[in-house]
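>>> Give me the fold of what follows.
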Amino acid sequence: MNNIYKRIVIVFLLLSISLGQGKNHNLNFLFANNAYGLAYEYQKFVKNDFSIGADIRFYDIREDEYPVYDPFFNQYSVSGEKSILMFPMYLKLTYYPFQGKIANNFQPFLMLSFGPFLSVDGDEDAGSFSDKWSGAPTQINFGGSIGFGVNLKTDQASGFSFGIGYDHLQVDEPIHDKEDFGGAFLYLQYRLGRE
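Predicted coordinates:
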């Protein structure tokens, strides 16, 4: 990845830590068209209608996998299984266009995230967990996502959000003959706490 991208991400992450009014810690559950994942998000409000933060995700890629019935053993097995993990580490910008214009417990928002992501291609033929991931080929690329959603506040310290977005996760070196692992995703967010 180009050094200029790394420097931009580092500068924005440092700004997100040093600026702002309120801070949120969020846990996100992600459901993508080719993966599922989990994310931790740190959000700091720079203005009442704008926040900046860090979005650290974990994706388990499950594309091209499907169950196959084996009548001889009377059980299902997974065909096309791949061991691909992706770890996006994004800077996240969130804008609340209707802040103060509608009820406080309902907040639509727009989001933009960008930064590096790490791809790990495990060995599907390895017998043990440690053999699968030790020495696995990795690569770092630049990605991003856009989306929109709605915050539903239950009180000042907690709340839920849900939304839809699109990930751009394209690798430079193909993994299992594929370069693009992005696509649409749904997410559910739970606010862990507010400072």
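
>>> pLDDT below threshold where in this structure?
The model of the chain has pLDDT under 70 over residues 1-22, 63-69, 76-81, 103-104, 125-129, 154-158, 193-195.

>>> and the residue nearest the centre of the chain, bridged to which residues?
Centroid check for the chain by C-alpha atoms, centre = their mean gives Arg57 as the closest residue, at 3.9 Å. Arg57 has these beta-bridge partners by DSSP bridges: Ala39.

>>> surely it meets Leu85?
No - counting by C-beta atoms under 8 Å, Arg57 stays clear of Leu85, with 10.7 Å between them. For glycine as for every other residue, the C-beta is placed from the backbone atoms N, C-alpha and C.

>>> Any idea how far whichever helix or strand Ile146 is part of is from the middle of the chain?
Per DSSP states H and E: Ile146 is located in strand 138-153. Its chain's C-alpha centre and that of strand 138-153 lie 5 Å apart, by C-alpha atoms, centre = their mean, to the nearest Å.

>>> Can you tell me the strand partners of it and which way each runs?
strand 106-121 (antiparallel), strand 159-168 (antiparallel).

>>> Which among those is found nearest to Asn74?
strand 106-121 (32.9 Å; C-beta to C-beta).

>>> Report the buried residues of that closest one.
The neighbour-count check on strand 106-121 (16 or more other C-beta atoms under 10 Å) flags 107, 109, 111, 113-117, 119-121 as buried.

>>> in this protein, which spans are helices?
For the chain, helices defined by DSSP state H occupy the ranges 3-18, 129-133.

>>> which ones are touching the residue nearest to Phe98 when sequence neighbours are not counted?
Once flanking residues are discounted, Phe98 sits nearest to Pro108: 5.7 Å by C-beta to C-beta, 6 or more residues apart in numbering. Pro108 makes contact with 96-98, 148-151 under the criterion C-beta atoms under 8 Å, 6 or more residues apart in numbering.

>>> beta partners of Lys23?
Beta-bridge partners, per DSSP bridges, of Lys23: Lys44.

>>> Just give me the neighbour total for it.
By the criterion of other C-beta atoms under 10 Å, Lys23 has 16 neighbours.

>>> now do Ala39
If you count neighbours by other C-beta under 10 Å, Ala39 ends up with 20.

>>> With just CA atoms, put stretch 149-167 into CSV.
Written as CSV, here are the backbone C-alpha positions of stretch 149-167 (Å, rounded to 0.1, in the frame of the first residue of the first chain):
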residue,chain,number,x,y,z
GLY,A,149,-28.7,3.9,8.8
VAL,A,150,-30.8,5.0,11.7
ASN,A,151,-29.9,5.4,15.4
LEU,A,152,-32.6,4.4,17.9
LYS,A,153,-31.6,5.8,21.3
THR,A,154,-33.0,4.1,24.4
ASP,A,155,-31.3,6.6,26.8
GLN,A,156,-28.2,8.9,26.8
ALA,A,157,-25.7,6.0,27.4
SER,A,158,-27.1,3.2,25.2
GLY,A,159,-28.9,2.6,22.0
PHE,A,160,-29.2,0.6,18.8
SER,A,161,-28.6,1.3,15.2
PHE,A,162,-29.2,-0.6,12.0
GLY,A,163,-28.3,0.2,8.4
ILE,A,164,-27.1,-0.9,5.0
GLY,A,165,-23.9,-0.2,3.2
TYR,A,166,-21.5,-1.2,0.5
ASP,A,167,-17.9,-2.4,1.1
